[in-house]
Every structure is written in C-alpha cells, then in structure tokens.
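Chemist: Structure, please.
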Amino acid sequence: MTPHSTKHDPKNLQGPRHVLMLALVILSFVIGHSAFGHPADQSEMRVRPKPHQLEIRLTFNILTLTRFTGIDTDGDMKISMAELTAAQPRIGTYLNQHIHVEINRQKAILGSSVRFAPLWPDAAQTPPMTEIEYAARNVDVTFTQTIEGKVLEDFWLGFAVFEQTGPMQTIHGVFEQDGQIEDVTFSVQEPEYLYDTGFAEDPFVQEAEKKQKAGLSSPPGEDMPARPAATLAAASPYAAPVATVPGKPAATVSSGPAGGPAVKLALPIDSKDTNSPPSSERWWMVRAVVIMIMLVVGRKMQLSARTKLVSTRRRPRPKSR
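Modeler: Now for the predicted structure:
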C-alpha cells in the first residue's frame with residue numbers, strides 16, 4: 001500500500017491564490033470608492049458675501065436633484081425640460097428646508113426667490129434625458145437676499161441633505177470676498193460652517209454706514225464706498241506729491257511711463273508758492289493721507305488673518321430649530 005504523501009502540489013494552490021488576489025483587488029476598490037466618493041456624488045457651492053447682501057450659488061447634477069424631490073412625474077424613466085422646470089419650486093422649497101442658515105446669529109433662510117440655470121448648451125431644446133445622463137447634467141441654483149438695517153457680520157450654514165443623498169455626498173464650498181478665496185468641504189461628518197465676514201470692523205464699511213444714516217448713501221449697486229483720491233495717489237507708484245494751495249482748483253494729471261495709471265491731485269503745485277512755509281491745511285492733508293494708508297494696510301492684514309482663523313470656527317448645529 002502506497003503511503004500517503006504530505007507534500008502539497010503547487011498547482012493545487014493556484015486557485016486559492018487567485019481568489020485571494022481578486023478579493024484584495026475588490027476590497028481596495030471598495031475602500032477607494034468610499035474614501036474619495038464618485039463624481040456623481042460631488043456638488044459645488046460658491047458664496048459671495050457683501051456688506052448688505054448674501055449670494056449663495058449651489059451646483060447640483062440632475063441625479064442629486066432627483067434625490068431631493070420627484071422630477072420624473074410621468075414615470076417614463078426620462079426627465080424632460082418641462083418636468084425639470086415644473087420641479088423648480090419644489091427644489092427651492094426643499095433646499096430652504098434642508099440647508100439651515102443663520103445671519104448675524106439669527107435664524108434665516110437661503111432666500112425667498114431662487115434662480116435656476118442649466119449648464120449645458122441649448123438646454124431649452126434638450127430632448128428627454130435618460131437616467132444615464134442625469135449625473136452629467138448640472139444645474140445652478142442661486143439664492144440672493146438683502147440684509148436690511150445692519151451689515152452682514154457673520155453667517156452659518158448647516159447641511160441636512162445627506163440623509164437623502166447618502167453618506168458619499170460632498171459639497172465643495174468656495175467663499176469669495178474682496179479677492180480672498182476660502183475652500184470648505186461639507187460632508188456627513190462636517191455638515192456645517194460659520195463664516196465671519198469682518199465687515200463690522202472694516203473702516204470703509206463703517207464710513208459708508210455713517211453716510212447712509214446721515215442720508216448720504218452711495219449710489220445703488222455700490223456696497224463699498226469709493227476709496228479717497230488721496231489714498232489712491234499715495235498708493236500709486238507713479239503718484240506725484242500731494243500739495244494744497246488755498247483758492248486753487250483741483251486737477252487731474254498723469255504721471256509716470258506711458259500706460260501708467262492716472263492719479264488725481266488734490267490741487268496743482270504753483271511754482272510761486274513753493275518757498276512759502278507749509279500751511280496748516282497742508283499738514284492736515286498729509287496727516288489724512290497717512291491715516292488712510294494705515295487703514296488700507298490694516299484692512300489687508302485683517303483679511304489675511306481672517307483666512308487663517310476662520311477655517312477653525314466650526315460650531316455645533318443648534319439643537320432646536
């Protein structure tokens with residue numbers, strides 16, 4: 001009787017090894033998919049705060065919009081532009097109910113009016129879209145509201161949409177203010193964010209507020225007061241010295257190389273007055289220029305500091321709504 005061999009044939013192990021390798025590949029794919037999500041689960045938001053206005057533009061694909069509310073009303077597994085247009089009021093209502101907003105620590109909404117804009121060419125002529133097209137079609141949903149009586153000091157956003165969209169959903173937010181950009185990603189783990197505008201401490205905004213209270217508000221559409229001419233002259237590398245002579249009219253000259261910016265002088269320099277001692281009005285103007293330069297520099301430092309500090313100012317979502 002032939003004794004039983006205890007050695008394993010390498011050929012008999014190839015099957016289990018292949019199965020193990022395939023399982024590892026599938027597991028790595030699942031982990032990678034969970035960590036980074038799918039493009040269909042990624043949405044965008046752009047926020048533009050102004051002293052008396054808050055604009056929030058949300059960009060969703062149609063697949064995400066179908067998770068918010070029913071759009072395919074006839075059940076033919078396609079969405080026509082007529083169905084998408086008819087669903088706009090329901091989408092606006094859903095977003096107002098599930099994106100919580102506080103302005104200056106007071107409960108608010110995204111806005112009573114909303115604007116929709118499809119982001120593909122010839123949208124009005126689009127034939128009914130099949131389900132495979134939903135993730136590739138994006139729509140802008142823009143809310144704009146005016147803040148009356150007080151400047152926009154801060155605002156808080158809290159997203160409660162992830163129960164409908166699923167935990168894979170992320171919303172990439174871009175906060176744009178005075179040329180500064182701040183990126184914030186909202187997810188089921190971090191669904192909220194508090195943003196401090198800094199308008200309450202901005203000297204130029206405060207000056208505009210004083211003018212509005214005195215009945216000297218700036219023209220419509222201007223949220224920031226115009227910078228004084230003296231500040232522009234001092235900040236320009238081609239600016240000529242500012243001098244004042246009582247009784248002389250103001251003039252605008254261009255100084256520096258061709259194409260350089262034009263600067264506005266408070267008053268032209270008169271050659272016959274160059275040897276006279278400086279008057280008190282001249283010294284007052286010099287001091288004003290220095291103060292305005294300091295304000296501009298301070299504003300830039302404030303914006304720079306805010307971009308570093310505001311990203312840590314997340315606070316918990318209030319329990320009661």
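Chemist: what about the helices in the stretch 101-250 of the chain?
Modeler: With helices called from DSSP state H, counting those that start in this stretch, the stretch 101-250 of the chain shows them at 162-165, 203-213, 229-235.
Chemist: Considering the ones you listed, which stretch scores lowest in mean pLDDT?
Modeler: Set side by side, those give their lowest mean pLDDT on helix 229-235, at a mean of 37.
Chemist: What are the neighbouring residues in contact with the spatially closest residue to residue 169 that is not a sequence neighbour?
Modeler: Computed as C-beta to C-beta, 6 or more residues apart in numbering, the closest residue to residue 169 that is not its neighbour in sequence is residue 41, at 4.8 Å. Every C-beta, even on glycine, is put in place using the N, C-alpha and C of the backbone. Each residue near residue 41 by C-beta atoms under 8 Å, 6 or more residues apart in numbering is listed here: 64, 165, 166, 168, 169, 170.
Chemist: Okay, buried residues for the helix or strand where residue 46 lies please.
Modeler: Assigned by DSSP states H and E, residue 46 belongs to strand 42-50. For strand 42-50, the neighbour count (16 or more other C-beta atoms under 10 Å) marks 42, 43, 44, 45, 46, 47, 49, 50 as buried.
Chemist: Need the pLDDT of the first one.
Modeler: Among the per-residue scores, residue 42 shows a pLDDT of 94.
Chemist: is it true that it touches residue 172?
Modeler: Yes: counting by C-beta atoms under 8 Å, residue 42 does reach residue 172; the two are 6.8 Å apart.
Chemist: where does the stretch 101-250 of the chain have low pLDDT?
Modeler: Within the stretch 101-250 of the chain, the ranges that satisfy pLDDT under 70 run 206, 208-209, 212-250.
Chemist: got a list of what residue 164 touches?
Modeler: 67, 68, 98.
Chemist: Need the buried ones from those residues selected in PyMOL.
Modeler: Here is the PyMOL command that selects the buried residues among those (16+ other C-beta under 10 Å):
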select buried, resi 68+98
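Chemist: any idea which of the contacts of residue 164 is closest to residue 139?
Modeler: Within these, the smallest distance to residue 139 is 11.3 Å, found for residue 68 (C-beta to C-beta).
Chemist: how close does that closest one sit to residue 86?
Modeler: Applying C-beta to C-beta, to the nearest Å, the value for residue 68 to residue 86 is 14 Å.
Chemist: which among the contacts of residue 164 gets closest to residue 77?
Modeler: Nearest to residue 77 among the contacts of residue 164, with distances taken as C-beta to C-beta, is residue 67, at 15.8 Å.
Chemist: May I have the phi/psi pair for the closest one?
Modeler: Residue 67 adopts backbone torsions of phi -80, psi -20, taken as degrees, to the nearest 10.
Chemist: For it, give its distance to residue 287.
Modeler: For residue 67 relative to residue 287 (C-beta to C-beta), the value is 61 Å.
Chemist: wait, residue 155 sits on residue 102?
Modeler: Yes: counting by C-beta under 8 Å, residue 155 touches residue 102, with 6.5 Å between them.
Chemist: Looking at those two, which has the bigger crowd around it?
Modeler: Neighbour comparison, residue 155 and residue 102: the larger count goes to residue 155, with 23 against 16 (by other C-beta atoms under 10 Å).
Chemist: Tell me which residues touch that one, please.
Modeler: Counting by C-beta under 8 Å, 6+ apart, residue 155 has contacts 49, 54, 101, 102, 103, 104, 108, 194, 195, 197.
Chemist: Quick one: buried ones out of the residues you listed?
Modeler: Here, 16+ other C-beta under 10 Å leaves 49, 54, 101, 102, 103, 194, 195, 197 buried among the contacts of residue 155.
Chemist: Just send the contacts of residue 164 back as JSON lines, with distance to residue 126 and pLDDT too.
Modeler: Formatted as JSON lines, the contacts of residue 164 follow (distance: C-beta to C-beta, whole Å; pLDDT from 0 to 100):
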{"residue": "67", "distance to residue 126": "21", "pLDDT": "96"}
{"residue": "68", "distance to residue 126": "20", "pLDDT": "96"}
{"residue": "98", "distance to residue 126": "27", "pLDDT": "97"}
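Chemist: got a list of what residue 185 touches?
Modeler: Residue 185 neighbours (C-beta under 8 Å, 6+ apart): 170, 171, 172, 173.
Chemist: Using a markdown table, lay out those residues together with distance to residue 128 and neighbour count.
Modeler: Converted to a markdown table, these look like this (distance: C-beta to C-beta, whole Å; neighbours: other C-beta atoms under 10 Å):
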| residue | distance to residue 128 | neighbour count |
| --- | --- | --- |
| 170 | 29 | 20 |
| 171 | 28 | 24 |
| 172 | 30 | 15 |
| 173 | 32 | 21 |
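Chemist: how much space between residue 137 and residue 82?
Modeler: Counting by C-beta to C-beta - residue 137 and residue 82 are separated by 15 Å.
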